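**Student:** okay, structure incoming, though there's no sequence with it:
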């Protein structure tokens, strides 16, 4: 049976004080609405629909390629009206699951429970008990403990306001019932809007069973209305990520000072110091040590590798027993073989560095292939860009490149070769040769130092 998943994302979110649509504000580096979409895709036979309104063009651009259907809500007349905009595109014989683009952390397991209820012909409703239910619609039950209505805060009586079970807005409904009920909604309420929650009373009147489900924790259904709430949800989410890392074998110096903005896989005995940020997909091997203030994005780091403080690694592969940093920048396309060393203030881009090779200080290596056990001296640069094209530098095994050398690509330096410090190399250096390319030194005696004028 098809499950049409309707994600409401049309609101302006004025309390965010932002020109960006609320649902595009990020949690863990990803727009809230994308969190919802990613979880929703785990539902079997799911078809995704996003109802847009405020900032519609920005949302269409941000979600381009997401394989979903957009529905435009030109006027924001309430949640019932919003869902109605998507109905022309849904399967009338299927299930409709209603989610919210500003409620980013609802798990797919919770969604599936609601869908399972609706598949049996019930209305699946997600509720939560809160110590402070202010602002939420209250769940009203009869003497038999069956749900008979949801009353919004502004419409609730004093007795109803005491109820602590509240509506999350998330529900799954047999679509044929939704098609019947939505046209019957009225805007005769304090907000002058068409409340989706009014279908609960309709279901009760028709003896449609309302099955309530509950999230694993209240943060799973926590919505975001302002930047304070956004920050609170971010911190809670990051703590869950940190706990997962620790349970999987990582020691965190301070779980509150590690951010995961993607997926991190760790082997045992990984140590992560403070203020480390992970982005994208990261794999950390056994015994990896990461010092403070590092950013690691879309990278694989091998066993027993040491990433020293203030290093940035992106779209790269680092093998076992490497030593990187401090203050190293490893740019996309870099591959460090086992035992390679990259020292302080070294930048590497799209380069293959062979086993045991060292680039210890203040160097730039880009578009290069370096063999085994080669030493690149301080201040060396590969001149890989002529203003239009990038060219390759090839350096063999057991090469010694002296300090302050410029290698003008395309260039080859054969295995066993030595390049004297301060050289500008523009021609091939073959195996075991010594290359020295310096201007002639001139020493002048009895010269007059400049003196300060005035």
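**Tutor:** Okay, I see it. Because the structure is predicted, anything quoted here is derived from the model rather than measured.
**Student:** so what's the model's average confidence on stretch 248-263?
**Tutor:** Mean pLDDT, computed over stretch 248-263, is 98.
**Student:** for stretch 129-139, same thing?
**Tutor:** 92.
**Student:** over to stretch 282-290?
**Tutor:** 98.
**Student:** and residue 225, how many neighbours does it have?
**Tutor:** Per other CB atoms under 10 Å, the neighbour tally for residue 225 reads 15. Just so you know, the C-beta spots here come from the backbone N, C-alpha and C atoms, and that holds for glycine as well.
**Student:** quick thing: my sequence starts at 20, can you match it?
**Tutor:** Let's use 20 as the start, then, which means that last one is residue 244.
**Student:** helices along the stretch 20-169 of the chain, start to end?
**Tutor:** 51-59, 75-81, 98-105, 127-138 (DSSP state H, counting those that start in this stretch).
**Student:** right, so of those helices, which gets closest to residue 406?
**Tutor:** Closest to residue 406 of the helices of the stretch 20-169 of the chain is helix 75-81 (CB to CB; 32.6 Å).
**Student:** what sits up against that closest one?
**Tutor:** Applying CB atoms under 8 Å, 6 or more residues apart in numbering, the external contacts of helix 75-81 come out as 28-29, 39-40, 42-43, 50, 52-53, 69, 71, 89, 91.
**Student:** same thing but at 7 Å, please
**Tutor:** By CB atoms under 7 Å, 6 or more residues apart in numbering, the residues outside helix 75-81 that reach it are 28, 39, 40, 43, 50, 71, 89, 91.
**Student:** quick check: the third one touching residue 74?
**Tutor:** Yes: taking contact to mean CB atoms under 7 Å, the distance of 3.5 Å between residue 40 and residue 74 places them in contact.
**Student:** sorry, back to before: nearest to residue 171, of the helices of the stretch 20-169 of the chain?
**Tutor:** Comparing those by CB to CB, helix 98-105 comes nearest, at 10.5 Å.
**Student:** name the helices or strands packed onto the closest one?
**Tutor:** On a contact count with 3 or more CB pairs under 7 Å, 6 or more residues apart in numbering; DSSP states H and E, helix 98-105 meets strand 22-28, strand 65-71, strand 88-91.
**Student:** return the most buried member of these.
**Tutor:** The highest mean neighbour count among the helices and strands packed on helix 98-105, using mean count of other CB atoms under 10 Å, belongs to strand 22-28: a mean of 27.
**Student:** would you list the helices of the stretch 20-169 of the chain in TSV and tack on mean neighbour count and distance to residue 285?
**Tutor:** Shown next, in TSV, are the helices of the stretch 20-169 of the chain (neighbours: other CB atoms under 10 Å; distance: least, CB to CB, whole Å):
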stretch	mean neighbour count	distance to residue 285
helix 51-59	22	21
helix 75-81	15	31
helix 98-105	23	40
helix 127-138	20	23
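**Student:** reformat those helices as TSV; add mean pLDDT and distance to residue 179.
**Tutor:** Converted to TSV, those look like this (pLDDT from 0 to 100; distance: least, CB to CB, whole Å):
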stretch	mean pLDDT	distance to residue 179
helix 51-59	98	30
helix 75-81	97	35
helix 98-105	96	19
helix 127-138	97	24
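**Student:** right, and those helices - which one's nearest residue 358?
**Tutor:** Closest to residue 358 of the helices of the stretch 20-169 of the chain is helix 51-59 (CB to CB; 38.1 Å).
**Student:** give me the residues contacting that closest one.
**Tutor:** Residues from elsewhere that reach helix 51-59 (CB under 7 Å, 6+ apart): 24, 26, 28, 42-44, 46, 65, 67, 85, 118, 120-121, 123-127, 130, 243.
**Student:** related to what we said a few turns ago, any chance of the helices and strands packed on helix 98-105 in TSV with distance to residue 302 as columns?
**Tutor:** Converted to TSV, these look like this (distance: least, CB to CB, whole Å):
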stretch	distance to residue 302
strand 22-28	31
strand 65-71	29
strand 88-91	35
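**Student:** and those: which comes nearest residue 145?
**Tutor:** Comparing these under CB to CB, the one sitting nearest is strand 22-28, at 13.7 Å.
**Student:** I'd like the average pLDDT over that closest one.
**Tutor:** 98.
**Student:** elements contacting it?
**Tutor:** helix 51-59, strand 65-71, helix 98-105, strand 114-119.
**Student:** adjacent strands (with direction) for the last one?
**Tutor:** Just to be clear, that refers to strand 114-119. strand 22-28 (parallel), strand 184-193 (antiparallel) (DSSP bridges).
**Student:** tabulate those strands (a markdown table), appending distance to residue 464.
**Tutor:** Output for those, formatted as a markdown table (distance: least, CB to CB, whole Å):
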| stretch | distance to residue 464 |
| --- | --- |
| strand 22-28 | 79 |
| strand 184-193 | 87 |
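**Student:** just tell me which of those ends up closest to residue 325.
**Tutor:** Of the strands paired with strand 114-119, nearest to residue 325 by CB to CB is strand 22-28, at 43.7 Å.
**Student:** give me the contacts around that closest one.
**Tutor:** 42, 52, 55-56, 59, 62, 64-71, 78, 98, 101-102, 105, 109-110, 113-120, 134, 194.
**Student:** one more time with 8 Å
**Tutor:** 40, 42, 52, 55-56, 59, 62-72, 78, 98, 101-102, 105, 108-110, 113-121, 130, 134, 191, 194.
**Student:** how many neighbouring residues does the residue nearest to residue 443 when sequence neighbours are not counted have?
**Tutor:** Spatially, and ignoring its direct neighbours in sequence, residue 443 is nearest to residue 425 (4.7 Å; CB to CB, 6 or more residues apart in numbering). For residue 425, the count of nearby residues is 18 (other CB under 10 Å).
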